[in-house]
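Participant: sequence-free structure coming up:
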């Protein structure tokens, strides 16, 4: 059970004020590094929570659907331009970010993923690619500054990283359709 | 039974998500901080703080100079190469759409520079000529005291980020201050006709039909 300890370590590190300031000073790093790391922290906590509250996860997230929907809601919420600004200016929003991303996105993602059917997983891959594509268009094509706290060129950079991440998801998704992991002994 | 519980959990999650988005976007109306800021300003009607203005003709005064008149404001810096030019060109068009009898009497236009270091009266005097501003009913001014300037920008929600190359990233809008010195409207600077008709409607109802 080393994972929760690593998770806690990363969590505390991310909470250090200088780390927070540094990560949030660059738009791309804020969206595509700090936020995913927080989700990862939640994923590292999951086995510990599953063991501590086995009944809760089995009862309420039996087929993985409620969990994955919660995950999608939380990450979509943090993609709204306004929420990024508010995380910087409203401390309640910042606290909510540090709680919601690990516990309402990371934990349900890991708990749900293995429970989802192939179809469910595929729909999530497709939904995520579409979502990232839309966000890429918004951030690259918008002639206006969408986030008051960041410059337009940073906004464009964020758009391109969205596109790149979206493409990676698409590539990964396509390879899952053609490559059978079991043939390679990686079940 | 198990199936039912999962469905129930799913419903809770969806309701939670709906509530989260509802609160987070002020009822699905404000998706950017800029929209939220504008809505909040119009609701709160903050007062124009006491600041000392210095205009392109080197006259020094405060906003109370215009007591009893509406003031249409923009925030600019003259070294700006994109947004400010558009903002001021559009302001000129709004200015032209206001009936002459109101101009100077019931409404004045004012462009305030947030770069007092570079925008001295001479620079502003030069800059105003680009837009046919007369320097009287449409003035260009700076606020020499940085503290006063920051107070105003903060209260009116104007966000200015210097990029250290002499330029600034900033938001832009038309700000309408009423005769009592309170901010009453923040208008989209790209929608000239809408802004002009809004100002005209306010002038007609508040000042009366003069023609």
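Facilitator: On my side now, so go ahead. All of these numbers come straight from a predicted model, not from anything done at the bench. Numbering: from 1, shown residues only, chains lettered A, B, ... in the order given.

Participant: ok now stretch B:32-39, how far from the chain's centre?
Facilitator: The gap between where stretch B:32-39 is centred and where its chain is centred comes out at 12 Å by CA atoms, centre = their mean, to the nearest Å.

Participant: which other residues reach the helix or strand where residue A:109 lies?
Facilitator: Secondary structure assignment for residue A:109, by DSSP states H and E: helix A:107-113. Where contact means CB atoms under 8 Å, 6 or more residues apart in numbering or on different chains, the residues beyond helix A:107-113 that reach it are A:39, A:42-43, A:45-46, A:49-50, A:57, A:61, A:64-68, A:70-71, A:121. The way it works is simple: take the backbone N, C-alpha and C, and place the C-beta from them, glycine included.

Participant: residues from chain B in reach of chain A?
Facilitator: Residues of chain B found near chain A (CB under 8 Å from any CB of the partner chain) are B:2, B:5-6, B:9-10, B:12-14, B:16-17, B:20-21, B:24-25, B:30-37, B:159, B:161, B:163, B:169, B:171.

Participant: where do the strands sit along chain B?
Facilitator: B:53-55, B:60-61, B:70-76, B:107-113, B:138-142, B:160-162, B:168-170, B:174-177, B:183-187 (DSSP state E).

Participant: for whichever helix or strand comes after the helix holding residue A:109, which positions count as buried?
Facilitator: For helix A:107-113, the succeeding helix or strand toward the C-terminus, using DSSP H and E, is helix A:118-141. Residues A:121, A:124, A:125, A:128, A:129, A:131, A:132, A:133, A:135, A:136, A:138, A:139 are the ones in helix A:118-141 that count as buried (16 or more other CB atoms under 10 Å in any protein chain shown).

Participant: gap between the first one and residue B:102?
Facilitator: This means residue A:121. Distance from residue A:121 to residue B:102, counting by CB to CB, to the nearest Å: 65 Å.

Participant: again, but for residue A:58
Facilitator: Distance of residue A:58 to residue B:102, computed by CB to CB: 72 Å.

Participant: Check residue B:114 too.
Facilitator: Separation of residue B:114 from residue B:102 (CB to CB): 27 Å.

Participant: before we move on, what about residue A:26?
Facilitator: Taken as CB to CB, the spacing of residue A:26 relative to residue B:102 amounts to 48 Å.

Participant: Mind checking which of those two has more residues around it?
Facilitator: Neighbours around residue A:26 and residue B:102, counted as other CB atoms under 10 Å in any protein chain shown, are more numerous at residue B:102. The numbers are 20 against 16.

Participant: phi, psi of the more buried one?
Facilitator: As for residue B:102, its main-chain torsions (degrees, to the nearest 10) stand at phi -80, psi -30.

Participant: can you pull the contacts of the closest residue to it other than its chain neighbours?
Facilitator: Counting by CB to CB, 6 or more residues apart in numbering or on different chains, residue B:203 is the residue found nearest to residue B:102 once chain neighbours are left out, at 5.1 Å. Taking CB under 8 Å, 6+ apart, we find residue B:203 in contact with B:70, B:98, B:99, B:102, B:106, B:107.

Participant: can you rerun that using 10 Å?
Facilitator: Neighbour list for residue B:203: B:70, B:98, B:99, B:101, B:102, B:103, B:105, B:106, B:107, B:209, B:210 [criterion: CB atoms under 10 Å, 6 or more residues apart in numbering or on different chains].

Participant: Show me which of those residues are buried.
Facilitator: With burial judged by 16+ other CB under 10 Å, the buried subset of the contacts of residue B:203 is B:70, B:98, B:102, B:103, B:106, B:107.

Participant: Please tell me I have it right and the fourth one contacts residue B:133.
Facilitator: Spelled out, it's residue B:103. No: using CB atoms under 10 Å, residue B:103 makes no contact with residue B:133, being 11.8 Å away.

Participant: overlap in contacts of the two?
Facilitator: Looking at what touches both residue B:103 and residue B:133 (by CB under 10 Å, 6+ apart), the common residues are B:95, B:109.

Participant: What are the buried residues along stretch B:170-185?
Facilitator: When burial is assessed from 16+ other CB under 10 Å, stretch B:170-185 yields the following buried residues: B:170-179, B:181, B:183, B:185.

Participant: Quick one: end-to-end length of it, please.
Facilitator: 19 Å (CA to CA, to the nearest Å).

Participant: Stretch B:101-108 too?
Facilitator: Between the opening and closing residues of stretch B:101-108 lies a distance of 12 Å (CA to CA).
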